[in-house]
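Peer 1: Sequence and predicted model, in that order:
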Amino acid sequence: MRCTGVPEKGAEYNFYFAPEYNWYGEVVECKPNQSFHIKMTSADEDWDPTTFGFDLEESSEGTGIKFWHKDWPECNHHYRKSSYCWAILLSYLKNYLENGTVVPFEQRE
């Protein structure tokens, strides 16, 4: 897996998981240290109408990440599988930020 793009509004991002999953999205919001949102533009049929984002929230305990993924056309198998995958990826992000642990893509479940 690799992601490439420039973190600025209007920029195109490429999400390459495999040749059959070579997807694109547009940055629709990017506020440094606050938010980063992507609207999918070329992906799986279910993903194309969707937008996902990360919003940072400061608190007395530190910084929290609020993640969301909206505008799914229906609650089908792909929606459930994608929700599960996001949970796993966010778990890897948490582990990386807190412990510096990197799990290579080939070893991810």
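Peer 2: Done, it's in. Quick caveat, the model's predicted, so the values are computed rather than measured.
Peer 1: The residue nearest to Ser42 when sequence neighbours are not counted: what's it in contact with?
Peer 2: Computed as Cβ to Cβ, 6 or more residues apart in numbering, the closest residue to Ser42 that is not its neighbour in sequence is Tyr24, at 4.1 Å. Quick note: C-beta positions are derived from backbone N, CA and C, even for glycine. With contact taken as Cβ atoms under 8 Å, 6 or more residues apart in numbering, Tyr24 is in contact with 12-15, 40-43.
Peer 1: Show me these that map onto strands.
Peer 2: In strands, defined here by DSSP state E, the members of the contacts of Tyr24 are 12-15, 40-42.
Peer 1: so which of those comes closest to His69?
Peer 2: Nearest to His69 out of these is Met40 (Cβ to Cβ; 9.7 Å).
Peer 1: was I right about the closest one contacting Asp48?
Peer 2: Yes. The criterion here is Cβ atoms under 8 Å, and Met40 meets it with Asp48 at 5.4 Å.
Peer 1: Would you mind giving the contacts of Tyr24 as a markdown table with pLDDT added?
Peer 2: Output for those, formatted as a markdown table (pLDDT from 0 to 100):
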| residue | pLDDT |
| --- | --- |
| Glu12 | 98 |
| Tyr13 | 96 |
| Asn14 | 97 |
| Phe15 | 92 |
| Met40 | 97 |
| Thr41 | 97 |
| Ser42 | 96 |
| Ala43 | 94 |
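Peer 1: could I have stretch 1-19 exported to PDB, CA atoms only?
Peer 2: Presented in PDB, the C-alpha positions along stretch 1-19 are these (Å, rounded to 0.1, in the frame of the first residue of the first chain):
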ATOM      1  CA  MET A   1       0.000   0.000   0.000                       C
ATOM      2  CA  ARG A   2       1.200   3.500  -0.700                       C
ATOM      3  CA  CYS A   3      -0.500   6.900  -0.700                       C
ATOM      4  CA  THR A   4       0.800   9.900  -2.600                       C
ATOM      5  CA  GLY A   5      -0.300  13.400  -2.800                       C
ATOM      6  CA  VAL A   6       0.100  17.000  -1.600                       C
ATOM      7  CA  PRO A   7      -1.800  17.900   1.600                       C
ATOM      8  CA  GLU A   8      -3.500  21.000   0.200                       C
ATOM      9  CA  LYS A   9      -7.100  21.800  -0.800                       C
ATOM     10  CA  GLY A  10      -7.800  20.700  -4.400                       C
ATOM     11  CA  ALA A  11      -4.900  18.400  -4.600                       C
ATOM     12  CA  GLU A  12      -5.300  14.800  -6.000                       C
ATOM     13  CA  TYR A  13      -4.400  11.900  -3.700                       C
ATOM     14  CA  ASN A  14      -3.600   8.400  -5.000                       C
ATOM     15  CA  PHE A  15      -4.400   5.400  -2.800                       C
ATOM     16  CA  TYR A  16      -2.700   2.400  -4.300                       C
ATOM     17  CA  PHE A  17      -3.400  -0.900  -2.600                       C
ATOM     18  CA  ALA A  18      -3.000  -3.200  -5.600                       C
ATOM     19  CA  PRO A  19      -3.400  -2.900  -9.400                       C
END
